[in-house]
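> Dropping the sequence and predicted coords here.
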Amino acid sequence: MTFIHSEEWISASNGTFNEFKIPIEKPENDKRLYRVIELLNGLQVTIISDPETDRSSAALSVQVGSMNSPFNLQGLAHFCEHLLFMGTKKYPKENEYSSYISDYSVGDKGLKGALDRFSRFFVDPLFTESCTERELKAVDSEHKKNLQSDCWRICQVERSLCSPEHPWNTFSIGNLETLKESPERLGLNVREELLKFHNKFYSANIMKLCVIGKESLDDLTKWVVEMFSIIPNKKIDLPTFGDNPLTSKELTTQVYIKSIRNDHYIILKFPFPDQSQYYDSRPSEYIISLLNHEGSGSCIFYLKKKGWVNSLDYHEEVVLTLFQYIEMIKSAGVQKWIFEEAQKMGSIGFRFSKKLWPSDDTKKIVETMEDNIPPQLYISSSATLIRYDPELIKKHLYFLAPDNFRYIIVSQVFPADIKCSQTERWYKTPYDVQNFSPEFKEKLKNPGTNAAFKLPTKNDLIPTKFETGSISKERQKQPLLIKEEPGLRLWYKRDDTFSIPKTYLWANLKNPLGYCTPRHTVLLMIYTSMINKAMTEYTYNAELAGLTYQLYCSFDTGYSDKLPLLFDKLLYTMTHLVIDNDQFEIRKDELKRSYENIFVGSPFNYIDIYVSVLIRDFIWEYKELWPELTELKPDDVLNFYPTFLKTLNVEGLVHGAMGQSDAVSLFDAIKTTINSKPLVPSQLINSRSIYLPEGQHFVHQIPASDPEDVNSAILYYIQVCKPTNIRLYILLILVQHIAQEPIFDHLRTKEQLGYAVYSEVYIEYGITGLTITVQSERDPIYLENRVEVFLDKLREIIVDMTYEEYKTQVDSIVNAKKQKFRSIYQEASEYWSHIDSGSHEFDRNLKEITEIEKIEKADLLDFFDVYINPNSPRYSKLSIHIQAQKKFAREVCHARALYDLLVAHGIGVPSDLKAIEDTIDSRGVKALSKEEMNQLLIYTLGKGQHDAESVLEIWLSENPATCISDKISTKKTEETIDISSRDHTKLASGTTFITDITRFKSEMSLSPARLSSYKFNYP
């Protein structure tokens, strides 16, 4: 759909674009300027000028995806997305775009250059042979990262069980089989197919673009016209995919899927109309609001009360109960007041909506543009309800019919008659499919009625008063301590920036009793869980009215008008808890399964837990908590919580529209309701961390928790300094910032170690350090060697930096620390982080900016050589190695695989690939002796004896099935990282293996505890 022929559009004076005349609807506090244009090539663009932004962004939707991939090249669209970023004709350097973005962070200096680089992806990507080969492995690694992920596994089973005629019934992500091996058997050149795919589908007339920058609308428009008008318009139709992927053949079936995590749940799938055409009335939202209702009279409330939500024993009863509830909704008729409540809260939410991060904003807007709604509604359509259409809602309700669904049951364990004897092809997920039994079909025809079900009552928590703080030019820079007495501190700041009627409230209820033993820790967890359960009926309406809380203990937010009501209800529930025995067992089961699921999935998701266990002086391991659940009774919690509440220190923050006297009243309520005594000073010492001795290298090795996972992982932790040492800390920040792009480029892109590769500044109690995490099919010892080789390379990168390049890195960090708060929540969270940590260092960013501006490149190199260089006598390192228990089957060597190896390591391309093909494909690597392979390489590479041996050693190390020797030695070239002469099967000499965590921690010294920078009258 296009609007340029409408009277709502006018042509620009220079004839290069058409502009939409009607103003965009926006929140009342939104001071940004908007312009919607359509370029002559058909590309529609939303341009946003925000003079106050310190970050720019652009997002482009090509409106082409996995369902456009050819059936014989499944995953090609995903592969194309990977290759787009690997060089264009104008910017041929592989990591040009990521390097530029890393340098400038797309701040006020970098947008024009970023747009130019970005636009070329849709004009002339190179898709070079070497990148194509390497990114095939990256796609394959990305797929293997997800092999043990339930969400991917379940989704693929669903896809495989939809209509075989529908393109949803494909494998979206792709792997080596679909993008290399199968195409080669079919005689297809994947690079050529990529070019065909890009040439066919990447057309300006179906694309949508959104750009945000601080520049004027005219300047941004000029850049967009200049850089994006060159995208070809192939005049293609927007791809469509016909009917729903669930046809009558796939409906009225039960699908059983065996999960990796210890979860069990039921998913009902109904074929439903595309909702984009109903943007003004959104009938599905009416239905969803009732199905999601958790208050008294709702289906969810009933199922929880029956205890059916935590067991699959009653899965048919659950489905029948849902249809009873749906029948009640249909019989009650469409209620205008329900629509009007949702409409009112949508309008309030839109009126006072927070400013998103620019990258989130541009993404959200292009997704809205995809639906081809009127441009004036691009911002408001997702929040506001325009038109009440009861007939349309009624029509949609009748899609929720007993003969128009299938349901999926996910669990680790099923009844004895369910065998899950089928296996999904790509993720190897066990599953089974059965038709509804005749008895169940008969019950569905007449599920009956349920007297427990009724529509929700009107919501009396919807705010009616919208008092806000006034915006001030001289803004208060930090919260003030407005109340201090033994056992209580209250910080407060009135909103003077955003002028919205919301308040954020945090309260930390501190008592070491809740963590003194594993049993007490579990008791506190059960206690908070039971409070959340007891609050459910009340808090559902509160959430609909924009009021939420999270208890851990505790956090409240919402429109200031009704916030005290929620707070009072929470305090009452905390001090008058009533425990239902059945609900108690449900909470225990949920907590038990949450413990079990922590270490399920890919290793990189849980590897950092081991760092905390090894570095914190006092932390319970999850295996120490599990046993305490078994014997726990309701009386144990009822006896525990009054003792816990009897002695507390409370520290809180109120930030927003609420007045100071009202904030004090809320915290006075804590004191009067709980009536606790303050802790004694010795109970207030903050936690500490382990100091690693200088010059010591430690390794802790653990098998992967999932025996079926092929991925290993390493977390390489370099300990540096106390966070209070601002100079060393900001030098650490600078090293990590410089490392971000090259670590991805070298370890992930060039060396293809794995898909998950990243670095972070790691802050634990009283100590900071640098972490590098890599997940890979490679052995963790090999990965550690590659990390240390990268650290050598990183130093070279810093040495080779020009003054301008170094200054760009520094400026990027300074700009990030000078960023303005984008929402009242972000501002409040920043203040609370300093309060909750115990530092109260609200001016920390200013101190860090002052310090980094003093640092020269020579200072950075000195720091690197002392703290980051593995050969430094002051270097302290701890590595966590998670070793896969299962090895992914590797192919016997083929010529192409050896060619890939040579390209990836930059060693050189064989002068006679045919010789390798003839010899290896006919005999296989296992049929070649090491000497024969060496002679073959000498012949095909045209190199000397030494170089051929080096290549052979690499090949053998990367193919364990053919391994004769594991030593690695390669020759440095211009195209690769230097792999120094080192044995990649061994760790550095002097490495200490941690086999007894308790003994290790007992032998280490401790860091100082975090101390406050604020002078208090009371401890």
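Nice, I can see it.
> What distance do you get for residue 722 to residue 784?
Residue 722 sits 26 Å away from residue 784, going by CB to CB, to the nearest Å. (Each C-beta comes from the backbone N, C-alpha and C, glycine too.)
> Which one's more surrounded, those two?
residue 784 (25 against 16; other CB atoms under 10 Å).
> didn't the more buried one look like it was pressed against residue 712?
No: checked against CB atoms under 8 Å, the pair residue 784 and residue 712 is beyond contact range at 10.9 Å.
> Would you mind listing the residues touching both of the two?
The contact sets of residue 784 and residue 712 overlap at residue 881 (CB atoms under 8 Å, 6 or more residues apart in numbering).
> Just the pLDDT for the residue most central in space within the chain.
Taking CA atoms, centre = their mean, the centroid of the chain lies closest to residue 605, which sits 10.8 Å from it. With respect to pLDDT, residue 605 scores 89.
> do the same with residue 3
Per-residue pLDDT puts residue 3 at 44.
> can you check the one 4 residues further on too?
Residue 7 carries a pLDDT value of 79.
> Just confirm it is within a strand.
No: secondary structure of residue 7 (DSSP: H, G, I helix; E, B strand; the rest coil): coil, not part of a strand.
> Could you say which helix or strand holds residue 874?
Using DSSP states H and E, residue 874 maps to neither a helix nor a strand.
> just the strands in the stretch 351-500 of the chain please.
Using DSSP state E, counting those that start in this stretch, the strands found in the stretch 351-500 of the chain span residues 406-411, 422-423, 430-435, 480-485, 488-494.
> looking at those strands, which is buried most?
Comparing the strands of the stretch 351-500 of the chain by mean neighbour count (mean count of other CB atoms under 10 Å), strand 488-494 ranks first with a mean of 23.
> any idea which helix or strand comes after that strand?
Downstream of strand 488-494, the first helix or strand assigned by DSSP H and E is strand 502-510.
> name the helices or strands packed onto that next one?
If you count contacts as 3 or more CB pairs under 8 Å, 6 or more residues apart in numbering; DSSP states H and E, strand 502-510 packs onto strand 555-559, helix 563-575, strand 649-656, helix 660-674, helix 824-836.
> Please repeat the previous calculation with a cut-off of 10 Å.
On a contact count with 3 or more CB pairs under 10 Å, 6 or more residues apart in numbering; DSSP states H and E, strand 502-510 meets strand 488-494, strand 555-559, helix 563-575, strand 649-656, helix 660-674, helix 824-836.
> can you tell which of those is closest to residue 773?
Closest to residue 773 of the helices and strands packed on strand 502-510 is helix 824-836 (CB to CB; 22.9 Å).
> And the contacts of the following helix or strand past that closest one?
Note on helix 824-836: by DSSP H and E, the next helix or strand toward the C-terminus is helix 844-852. Here helix 844-852 makes contact (CB atoms under 10 Å, 6 or more residues apart in numbering) with 477, 723, 726-731, 733-734, 809-811, 813-819, 830, 833-834, 841, 843, 1013.
> Please determine how far the spatially closest residue to residue 756 that is not a sequence neighbour is located from residue 713.
Closest residue to residue 756 apart from its sequence neighbours, by CB to CB, 6 or more residues apart in numbering: residue 775 at 4.0 Å. Using CB to CB, residue 775 is found at 4 Å from residue 713.
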